[in-house]
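**Student:** Sequence below, structure please.
(chains A and B)
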2 protein chains.
Amino acid sequence: MTAANNAISIERSLNKKTKPAQDQLGFGIYFTDHMFVMDYSVEREWHNPRITPYQPIVLDPAAKVFHYGQTIFEGLKAYKTEDGGIQLFRPRDNFARMNRSNDRMSVPELDIDVAIAALEQLIAVDQDWIPDLPGTSLYIRPFVIATQATLGVSPSENYQFIIIMSPVGAYYPEGINPVKIHVESHYVRAVVGGVGEAKTAGNYAAALKSQQAAKEEGYTQVLWLDGTQHKYIEEVGSMNVFFKINGTVVTPALNGSILAGITRNSVIQLLKHWDVPVEERVLSIEELYEAGRNGTLEEAFGTGTAAVISPIGEMNWNGEKLVISEGVTGQLSKSIYDTLTGIQTGAVADPFGWVKKVEVSEG
Amino acid sequence: MTAANNAISIERSLNKKTKPAQDQLGFGIYFTDHMFVMDYSVEREWHNPRITPYQPIVLDPAAKVFHYGQTIFEGLKAYKTEDGGIQLFRPRDNFARMNRSNDRMSVPELDIDVAIAALEQLIAVDQDWIPDLPGTSLYIRPFVIATQATLGVSPSENYQFIIIMSPVGAYYPEGINPVKIHVESHYVRAVVGGVGEAKTAGNYAAALKSQQAAKEEGYTQVLWLDGTQHKYIEEVGSMNVFFKINGTVVTPALNGSILAGITRNSVIQLLKHWDVPVEERVLSIEELYEAGRNGTLEEAFGTGTAAVISPIGEMNWNGEKLVISEGVTGQLSKSIYDTLTGIQTGAVADPFGWVKKVEVSEG
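**Tutor:** Numbers count the residues shown, from 1 in each chain, chains lettered A, B, ... in the order given. Next up, the predicted model:
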């Protein structure tokens, strides 16, 4: 598909929604006035890119997404800068990962330039939806769904690529705060050879039961161990996870069953920039607990687009509790959080080339 | 939900579709004139059961099914008997399994009696869609999708339970025939502790890439090994699998990562009824190949609702080919196929209580 024969058409909403109060946004509850849609067929490949009023998706009940789960998503954010500008954080990396997920799930590849152009145009159309209260942002959800209406188990011949956007509130309205984590010893999120590395719906559905059980016991998230031996640390909830042990920051290496988080990668680059020792390697829950018992486990935190940094104050593994950093946010965790959110919102200089300014000539 | 306060409403289609020719049906391509729909909300639980004209599903783009994959399905068939009657095969077992899948995926339980009543009424309304050419049937696809339109990763507060139906052609229009199977050594379908036992969309999406690669090399299906050691046989494609070794029929035991097939269970009961030795146990691919090499592997076949019995004539494991039963359908495989399909269509007596006659007073 080339931009020339596939210019993005725009149909503007005639019924603008009332915007919610910026201190009442929550996460993924309200959506902007418009959405982006593009179709795929075997004959025409990706075609008909269009911005339309935010509206329901209409699908045959036999559409494959309902039955065989061929769907991929991404999550990223747009921020209002102090000078009124708009910027995205590493959008190209999100769409590159989307294509890796697409490949694993037999979904056709997207043209990253087309996707970014579509996103920028959608943001321009809905720019007055980007909140500017500290900590708020515009959460962006690109996703692909399989739409062919036949029940044979095979890759779909039709897809839709859609982008919706939601103004989201401050993750920490009262300041960054540690969470309690339950180490899951029974259920498994993913295994090497499976689809754990892909940002696909089934991975999230598979995690719900364990997550609910942890919540009922007062834990915010689940820490997942590997699916083969239940020994090695993989992720926490839908975040990657880092531990500062004896001055060195350790995070599980990408092994095929762990999501390659963009915040994860940013944290690693930032730590290297700061000359803080950082290791991507296998890390067993036993090694971690031993570090906790002998006092060398200094900090722990999750990383993801929603929270950016989520400090971990307590863990529970088969009944053995581990309090980390005295249950408060560690100094390094706080520095990473301040720096990353500062770069994202334009308050801190970006030496990494992560920020992409969005031009919004139209309003 | 009680039947009394929740009677099924019926809205009949005013535009009946033209029915396809019975020798051109294929699988899951054409759908009947009506569908069944029921809604779930936290406040009202399952409510508003209704038969409507077959029509698109209209969902907010943020509906959780698109993002986090909370969806369950089932597959069963209705058959026309020689005397013009209609019968289902073990429908209660399908809905019981659906509830086990629902539990694993944090989806609210269905009332099995309500589901069966809904299905019988839908069949009555669309009874003239059941084909009667030998080998044909009406394939029934009940499914649940998460419809709440918020992006938080948590179980949905809203669902729809839907039944659609598709007249399907003979699986073996030219007689039952063996297939070639590729043993998958790299990719993994499921692992113990995961969701392999649930009939949920993500399991099928996860299988597509391997399945496509096998097809390109001339194989019909993939044989899955366990996700932990890649040593033990689990399933073949989306079927369970059986091997006759030295007079004993062996099938992998249900370990949590294998789907508890209803055809699988029927085959086991039938073999016991026939006094054929049958074992549910772990079976390694090495043991199977050793039996193949030393001549004690007599037959192999997959079991599932679509094909009922799918004989396996050849396997390929890391380049080592194994021809089974000289590449033709084994005698036991053929007997099981004839008996099961005979019971399903009413041509053979049912000593197991598997068949459920459908009353169709209305037309």
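**Student:** Of all the residues in stretch A:176-191, which ones are buried?
**Tutor:** A:176, A:178-184, A:187-191 (16 or more other C-beta atoms under 10 Å in any protein chain shown). Using the backbone N, CA and C atoms, a C-beta is placed for each residue, glycine as well.
**Student:** Please disregard the earlier target; I meant stretch A:149-158.
**Tutor:** In stretch A:149-158, counting by 16+ other C-beta under 10 Å, buried: A:A149, A:T150, A:L151, A:V153, A:S154, A:P155, A:S156, A:N158.
**Student:** circling back to that earlier point, the buried residues of stretch A:176-191: which ones sit near chain B?
**Tutor:** Near chain B, taking C-beta under 8 Å from any C-beta of the partner chain as the test, the members of the buried residues of stretch A:176-191 found are A:Y187, A:V188, A:R189, A:A190, A:V191.
**Student:** Tabulate those residues in a markdown table, adding columns for secondary structure and pLDDT.
**Tutor:** A markdown table is the format used below for these (DSSP: H, G, I helix; E, B strand; the rest coil; pLDDT from 0 to 100):
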| residue | secondary structure | pLDDT |
| --- | --- | --- |
| A:Y187 | coil | 94 |
| A:V188 | coil | 94 |
| A:R189 | coil | 93 |
| A:A190 | coil | 93 |
| A:V191 | coil | 92 |
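**Student:** Please list all residues in contact with the residue in chain A that chain B sits nearest to.
**Tutor:** For chain A, the residue closest to chain B is A:G202, as judged by C-beta to the nearest C-beta, at 1.9 Å. Listed by C-beta atoms under 8 Å, 6 or more residues apart in numbering or on different chains, the contact set of A:G202 reads A:G69, A:V195, B:G69, B:V195, B:T200, B:A201, B:G202, B:N203, B:A205, B:A206.
**Student:** Assign a three-state SS to the closest residue in space to the last one that isn't next to it in sequence, would you?
**Tutor:** Leaving out its chain neighbours, the residue that sits closest to B:A206 by C-beta to C-beta, 6 or more residues apart in numbering or on different chains is A:V195, at 4.7 Å. Reduced to three states with DSSP: H, G, I helix; E, B strand; the rest coil, the structure at A:V195 is coil.
**Student:** where exactly do the strands run in the stretch 151-300 of chain A?
**Tutor:** A:158-168, A:179-183, A:221-225, A:233-236, A:240-245, A:248-252, A:278-281, A:297-304 (DSSP state E, counting those that start in this stretch).
**Student:** can you put those in TSV and add mean pLDDT?
**Tutor:** Compiled in TSV, the strands of the stretch 151-300 of chain A are given as follows (pLDDT from 0 to 100):
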stretch	mean pLDDT
strand A:158-168	98
strand A:179-183	96
strand A:221-225	96
strand A:233-236	96
strand A:240-245	98
strand A:248-252	98
strand A:278-281	98
strand A:297-304	97
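**Student:** can you redo those strands as JSON lines with distance to A:S13?
**Tutor:** What follows is these, written out as JSON lines (distance: least, C-beta to C-beta, whole Å):
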{"stretch": "strand A:158-168", "distance to A:S13": "13"}
{"stretch": "strand A:179-183", "distance to A:S13": "38"}
{"stretch": "strand A:221-225", "distance to A:S13": "37"}
{"stretch": "strand A:233-236", "distance to A:S13": "38"}
{"stretch": "strand A:240-245", "distance to A:S13": "37"}
{"stretch": "strand A:248-252", "distance to A:S13": "43"}
{"stretch": "strand A:278-281", "distance to A:S13": "45"}
{"stretch": "strand A:297-304", "distance to A:S13": "31"}
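**Student:** Leaving aside the residues adjacent along the chain, what's closest to A:V282?
**Tutor:** A:Y232 is the one closest to A:V282 (C-beta to C-beta, 6+ apart), at 5.3 Å.
**Student:** What's the separation between A:I29 and A:P277?
**Tutor:** 40 Å (C-beta to C-beta, to the nearest Å).
**Student:** The two: who's more crowded?
**Tutor:** Taking other C-beta atoms under 10 Å in any protein chain shown, A:I29 and A:P277 do not tie; A:I29 has more neighbours (17 against 12).
**Student:** does the more buried one sit in a helix, a strand or a coil?
**Tutor:** Relying on three-state DSSP, one would call A:I29 coil.
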